Structures are given as C-alpha cells and as structure tokens.
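[1] quick check, what structure comes out for this input:
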Amino acid sequence: MLLPEFDHRQIDTGEVAIHTRVAGSGPPLLLLHGYPQTHVCWHKVAPALAKHFTVVLTDLRGYGDSSKPDASSDHSTYCKRSMARDQVAVMKALGFDTFQVAAHDRGGRVAHRMALDFPDAVERWAVLDIAPTLATFEHADQRFARVSYHWFFLSQPYDLPERLIGADPEFFLRWTINSWAKVPGSMEEKAIEEYLRCFCTTEGIHASCEDYRAAANIDLEHDRADLDRKVAAPLLALWGAQARIGKLFSVLGLWRERVVDAQGHTLPGGHFLPEECPNEVIKELLEFFRR
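    Sure thing, here's the model as predicted:
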C-alpha cells in the first residue's frame, strides 16, 4: 500500500466529493496531481514533507476516487475555476483558511486559478513542469502540437477521444507515462497500477477529456478576463531539464508575466518530477515553503 501513514476521507464540498488524504503536523500544504495520475504521484515526496507540514493530498474532481460529475455543454463542470473551488472547500473543511500549495501538471493550472480567485487563501505556491495555459496556447507551434498532441486530441468533441482511448486504455496510459518520463525505472509499477485502476473506466476517461476540453475553451475565457491581474502570492516554478516544456517556452518568463514574484529553474528528469527526481523536489519545496 502506498502512503500508509496518510489517512483516507471523502470531503463533500457541496458540489462533489473529493478524495482526500492527510498526514503530518504544522502549516498546511496542499499537493495537487496532474494527468493521467492521482494523488499517488506524490508517494515519494509527501512523507518527507509531512515531517514539516500538515500535508493534504487530494484527487482532483474527475480523477482518482473523487467524484466524476456529468459534463456541462460549456465544459464548466471541469473548468479550473470549479476545481479550484473544490480544493479551497477541502482545506476549509479541514480547518485551514490559508495554506500553501504545490501542484504538478493539471494541478498547477488549478493552483493558478486558485491563486487568482482566492488570493486570501493561497500564501505561496509552486508549479511543476507547466507554463500558464493561455500563454501555452498562444505560443503553440508545430513543434508543440507534435510533442503535446494530447492537448488537441483530448479536447476533441465527445466522444471521439473517449472511444479511441477506451479501446485499450491500459496501453494508452502506459504509453503516455513511458513517453513523458525520462529517468529509467523512476515510475514504479505499484503507482502505475493505481493510475490504471482509476483511469481505465468509462467515467475516468470521459472526465479527463472534459478537463482538456475546458482548458481549450472556458478556461481560456477566464484567463483572458484576468489578463490585467497578476498573482501576488510568491511562485516557485520547476520544470524538467529533459521535458518538452522548457525546450519550447521560456517557462519562467511566461510565469513572470502572470505573477508579481516568480522564481524557478530546471530539475533533472522529464515531466513527472515528483517521481523522477523526488529528492530534488523535496529540497526545493522545503526551501521555498519554510521561509
């Protein structure tokens, strides 16, 4: 069993039930996962952080063991604003009105929206291996489309990607993880089995596609509406030296356009930093969040 020291609970936000795990003591630190994973992506990092923080692990709506509500026609059910609202509700239910957050991949997009919509709640935040959503779309070119094809595939109208992925979901998930990871042996089978358990269902595949449909539609509307606002909470941006994002974009430069105080740099490895270089991630997060 992964993360045995973390307890399990389902927290009702009033809209959805969010699968939540908690361990440790001290200041609250929320950890968010990305696609196509669950909170388990932090299994190499969370125990060390729990020695210094009350660490809260959650599955985003549509992922893991959290609710997978029916999609809306405008995809707002899975927009980052809705997901951010879920996470703030979880933290309030645990007694935390303010907190810090570290987020990988899709979770980082939720954290960005959370920092915009709930500035009084987010004290400091870190994102792993992403650039801002709107900037990514606006700077996308042929190179990006080739190496990040899934942005455009998963956001196709229902139910084209669902049917194609559903034909062999285990192959799709394993191929995706193996192609994005760059450190041999870093992606442990016991973790992959947990991702498979949650992803390889009709509901799980559909919800994750809706996440990407929202990103290509309503999330961009929300981001454009906030172009005149910068996040005040300090940001740490980390990205993989062998991952595609740093080769395609000026990651820190793009974040500095959206955040008043942003710092960051590369770490060794590919996209899945919490699993590919956990010791480096632990070191960086401790230094940043313990200030």
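[2] any idea of the pLDDT on the residue sitting furthest away from the middle of the chain?
    Among residues of the chain, the one most distant from the C-alpha centroid is Ala167; the distance is 25.6 Å, by C-alpha atoms, centre = their mean. Model confidence at Ala167, given as pLDDT, is 98.
[3] offset the numbering so it begins at 768, please.
    Sure thing, new numbering starts at 768, so read that last one as Ala934.
[4] all helices for the stretch 868-1017 of the chain, in order.
    In the stretch 868-1017 of the chain, helices defined by DSSP state H, counting those that start in this stretch lie at 873-884, 900-906, 909-914, 917-921, 927-933, 936-947, 956-966, 969-982, 985-992, 1012-1015, listed in chain order.
[5] mean confidence score for the second one?
    Which is helix 900-906. Helix 900-906 comes out at a mean pLDDT of 97.
[6] on that earlier part again, next, the residue farthest from the centre of the chain: phi, psi?
    phi -70, psi -30 (degrees, to the nearest 10).
[7] distance of the most centrally placed residue in the chain from Tyr830?
    What sits nearest the mean C-alpha location of the chain, by C-alpha atoms, centre = their mean, is Gly874, with 1.8 Å. Between Gly874 and Tyr830 the distance is 9 Å, computed by C-beta to C-beta, to the nearest Å. All C-beta spots, glycine's among them, are computed from the backbone N, C-alpha and C.
[8] overlap in contacts, these two.
    Common contacts of Gly874 and Tyr830, defined by C-beta atoms under 8 Å, 6 or more residues apart in numbering, comprise His800.
[9] residues in contact with the nearest residue to Leu895 once chain neighbours are set aside?
    Leaving aside its sequence neighbours, Leu895 sits nearest to His871 (C-beta to C-beta, 6 or more residues apart in numbering; 4.2 Å). Residues in contact with His871 (C-beta under 8 Å, 6+ apart) are 799-801, 804, 808, 894-897, 1039-1041.
[10] output these as CSV; include the columns distance to Lys949, neighbour count and pLDDT.
    Listed next are the contacts of His871 as CSV, based on distance: C-beta to C-beta, whole Å; neighbours: other C-beta atoms under 10 Å; pLDDT from 0 to 100:
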residue, distance to Lys949, neighbour count, pLDDT
Leu799, 22, 31, 99
His800, 19, 26, 98
Gly801, 16, 24, 98
Gln804, 16, 28, 98
Cys808, 16, 26, 98
Val894, 19, 30, 99
Leu895, 14, 29, 98
Asp896, 11, 27, 98
Ile897, 16, 27, 98
Phe1039, 9, 25, 98
Leu1040, 10, 27, 98
Pro1041, 14, 28, 98
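[11] looking at those residues, spot the one nearest Pro924.
    Nearest to Pro924, judged by C-beta to C-beta, of the contacts of His871 is Gly801 at 23.2 Å.
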